[in-house]
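Participant: Would you be able to build a 3D model of this:
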Amino acid sequence: TSHQGNDFQMTDEDWQRLNAVVRDFHEDGRFVVFPGYEWSANTTAGGDRNVIYRNEGQPILRSSHWQIPDTPETDISPAHPA
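Facilitator: Numbering: from 1, shown residues only. Prediction:
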């Protein structure tokens with residue numbers, strides 16, 4: 001199971017809380033919980049994506065940061081570690 005809040009609506013604290021819930025409820029082989037969020041494209045054409053991580057503790061890569069050159073969100077190459 002998973003929960004996807006919109007990236008622009010989730011604070012860093014919300015993301016940390018969501019990851020804590022994943023840790024608390026995940027039971028290997030019995031009840032699998034994935035941390036995730038909805039990456040919301042900033043276009044009139046939509047383009048929203050559900051981002052689901054296999055493990056907790058991963059970064060939230062906000063759709064509003066793609067234009068800022070000094071954030072990791074600007075690296076959208078297939079080899080990006082996220």
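
Participant: What strands line up against the helix or strand harbouring Gly5, and which way round?
Facilitator: For Gly5, the element it lies in under DSSP states H and E is strand 2-6. Strand partners for strand 2-6, identified by DSSP bridges, are recorded as strand 34-39 (parallel).

Participant: ok, then the element right after the strand it pairs with?
Facilitator: Where DSSP H and E defines the elements, the next helix or strand beyond strand 34-39 is strand 49-52.

Participant: Name the residues of that next one that are buried.
Facilitator: Within strand 49-52, the residues that count as buried by 16 or more other CB atoms under 10 Å are Val51. The C-beta positions use only the backbone N, C-alpha and C, and glycine is treated the same way.

Participant: Stretch 55-68 too?
Facilitator: By neighbour count with 16+ other CB under 10 Å, stretch 55-68 contains the buried residues Glu56, Gln58, Ile60, Leu61, Arg62, Ser63, Trp66.

Participant: starting at the chain centroid, how far to that stretch?
Facilitator: The chain centroid and the centroid of stretch 55-68 are separated by 6 Å, computed with CA atoms, centre = their mean, to the nearest Å.

Participant: what do you get for stretch 7-26?
Facilitator: Centroid separation for stretch 7-26 versus its chain: 9 Å, with CA atoms, centre = their mean.

Participant: list the buried ones in that stretch?
Facilitator: Judged by neighbour count using 16+ other CB under 10 Å, the buried positions of stretch 7-26 are Asp7, Met10, Trp15, Leu18, Asn19, Val22, His26.

Participant: can you list contacts of that stretch?
Facilitator: Counting by CB atoms under 8 Å, 6 or more residues apart in numbering, the neighbours of stretch 7-26 from elsewhere in the structure are 3, 5, 31-35, 37-40, 51, 56-57, 60-64.
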